[in-house]
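>>> need a 3D model of the following:
(one chain, ligands or ions: 1)
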Amino acid sequence: MSDIQRLKDLATMVSLCKRRGIVFQSSEIYGGLASCWDYGPLGAQLKQNVKRAWWNAMTRREDIVGLDASILMHPTVWKASGHVDGFSDPLVDCKSCKTRFRSDNTESYIKEKKCPNCGSKDLTEERRFNLMFKTFMGPNEESANIVYLRPETAQGHFVNYENIQTTSRKKIPFGIAAIGKSFRNEITPGNFIFRTREFEQMEMQYFVKPGTDMQWWETWKETRWAFLKNIGLAEENLQFHEHKKDELAHYALKAGDIEYKFPFGWQELEGIHNRSDFDLTQHAKFSGKKLEYFDEATKDRFVPYVIETAIGCDRLILAVLCAAYREEVTKDEETGKDDIRVVLGFRPEIAPVKVAVLPLSKKAELQGPAMELRGELAKEFEVNYDDSQSIGKRYRRQDETGTPFCITFDFESLNDKKVTIRHRDTMKQDRIDISQAVNYVHQGLRNF
Ligand code: GAP
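Here you go, the predicted model:
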């Protein structure tokens, strides 16, 4: 292997994702729906793996429990949380070309009060545009029945604080973790699955004693940084951006983002927020319920402060895909000629498929035992069975979707009861007993 190229542009990743069944444009046969995406067979598995990595990192700790809250919540939740009044972006319309744009992050407007599309100065006044999607509950489309699709999962944690604290009998500090869909009517979605209107969030609220909050904020910054490194993001592509006073969300006392260097630049990946006692105090005020904590040991009663870690699952998947991508100048394993090999070098636990079974021929005498081996492996791992085209092409397909191991079943396998197993990264091959295949893959994944 002489040369390695990393991902240069997002278009290369979009095209790989489509070609290999990772992510498709939503409703493609109807021309697609802007900024909505569907995860195909490999993408759905990849997403499960990313979610599992996050869920295990959170809920296998003694101090964090899980939650799966509903998307639709009582409308007063969003008044109390500040989203009805405060969750909006400033918008301006160009009267000449009808372009609508955000006035707070459009350079031509900030500098010269010009339309970013046609340059016209014939623009409307700024208006606030609330990002929450509205819908109606029940058969009557009346204002009394308006409910919102949640714009963050976090409010489910706050309104369940008391239920969870009392039933799990957790003592402070403790956390609540959840994974679920959120919806925002973003004005400028884009960059593939980076910013969409429907997305999945993985959020954890950590309830702490006031006064210890800043120390926990620092601890969670470090813990989340370590997680992101562990899932495969290189440290040189991570940086921390602390919010200045004018960047803080309406609920935040202190906040910052872990940013990732995407092909389109440094962008927010995960937020670490000190939400103080804002949310519990607001919900106590609007619901009339006391949302406090009683410390048996010290006899103190207080409203906990909350440190939040919030990451978009889809955004993390994009970061993981970008980090995993590499092109290698190498030799074709069949012809020996120079070749470019595209590899998604996922950490094995993230790889959508762990092992592929590749019978050398479509003849029934090979297919039968190869399928049998597939069945054995599938009891333990996600397996892909591929019997079409040359073995070289099949290896390349598996490399391109990050499969750590490929097992080739050949005619000799019928006699010697052995198969050839190939390692994704080194391309080295071992001849092993068929009966040892499951063990070999187990160990191989562990020591990858
Ligand atoms: N509960 C706090 C909260 O939602 P946020 O910074 O607005 O904070 C947290 O969102 C994370 O959710 C972001 O860092 C990002 O990873 C993800 N996210 C937010 N809006 C998104 C969107 N429109 N599309 C995809 N991911 C998004």
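
>>> return the residues in contact with the closest residue to residue 233 other than its chain neighbours.
Nearest residue to residue 233 in three dimensions, chain neighbours excluded: residue 323, at 5.0 Å (C-beta to C-beta, 6 or more residues apart in numbering). Where C-beta positions appear, they are placed from N, C-alpha and C, glycine not excepted. The contact partners of residue 323, by C-beta atoms under 8 Å, 6 or more residues apart in numbering, come to 232-234, 237.

>>> in a markdown table, list the residues you listed along with secondary structure, neighbour count and pLDDT.
Output for those, formatted as a markdown table (DSSP: H, G, I helix; E, B strand; the rest coil; neighbours: other C-beta atoms under 10 Å; pLDDT from 0 to 100):
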| residue | secondary structure | neighbour count | pLDDT |
| --- | --- | --- | --- |
| 232 | coil | 17 | 97 |
| 233 | coil | 22 | 98 |
| 234 | coil | 12 | 97 |
| 237 | helix | 18 | 98 |
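
>>> closest one of these to residue 348?
Nearest to residue 348 out of these is residue 232 (C-beta to C-beta; 10.2 Å).

>>> what sits against that closest one?
Residue 232 sits next to 320, 323-324, 345-347, 350 when contact means C-beta under 8 Å, 6+ apart.

>>> tabulate those (JSON lines), appending secondary structure.
Below are those laid out as JSON lines (DSSP: H, G, I helix; E, B strand; the rest coil):
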{"residue": "320", "secondary structure": "helix"}
{"residue": "323", "secondary structure": "helix"}
{"residue": "324", "secondary structure": "helix"}
{"residue": "345", "secondary structure": "coil"}
{"residue": "346", "secondary structure": "coil"}
{"residue": "347", "secondary structure": "coil"}
{"residue": "350", "secondary structure": "coil"}
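
>>> residue 259 reaches residue 239, doesn't it?
Yes: if you go by C-beta atoms under 8 Å, residue 259 and residue 239 touch, sitting 5.1 Å apart.

>>> and the two? Which one has more around it.
Neighbour tally, residue 259 and residue 239, criterion other C-beta atoms under 10 Å: the higher count belongs to residue 259, 17 against 14.

>>> sec struct for that one, please.
Applying three-state DSSP: residue 259 is strand.

>>> figure out the helix or strand that residue 306 lives in.
Element membership for residue 306 (DSSP states H and E) is strand 305-312.

>>> partner strands of that strand, parallel or antiparallel?
strand 198-208 (antiparallel), strand 265-276 (antiparallel) (DSSP bridges).

>>> which one of the residues in the chain is closest to the ligand?
Here the chain gets closest to the ligand at one residue, residue 312, 2.8 Å apart by C-beta to the nearest ligand atom.

>>> OK, contacts around the residue lying closest to that residue once chain neighbours are set aside?
In this structure, residue 312 finds its nearest non-sequential neighbour in residue 199, 5.3 Å apart by C-beta to C-beta, 6+ apart. Taking C-beta under 8 Å, 6+ apart as the contact definition, residue 199 lies against 181-184, 193, 312-315.

>>> same thing but at 7 Å, please
182, 312, 314 (C-beta atoms under 7 Å, 6 or more residues apart in numbering).

>>> look up phi and psi at the closest residue to the last one other than its chain neighbours.
Using C-beta to C-beta, 6+ apart and skipping residues adjacent in sequence, the residue nearest residue 314 is residue 193, 4.3 Å away. As for residue 193, its main-chain torsions (degrees, to the nearest 10) stand at phi -90, psi 10.

>>> that concludes my questions; thank you for your assistance.
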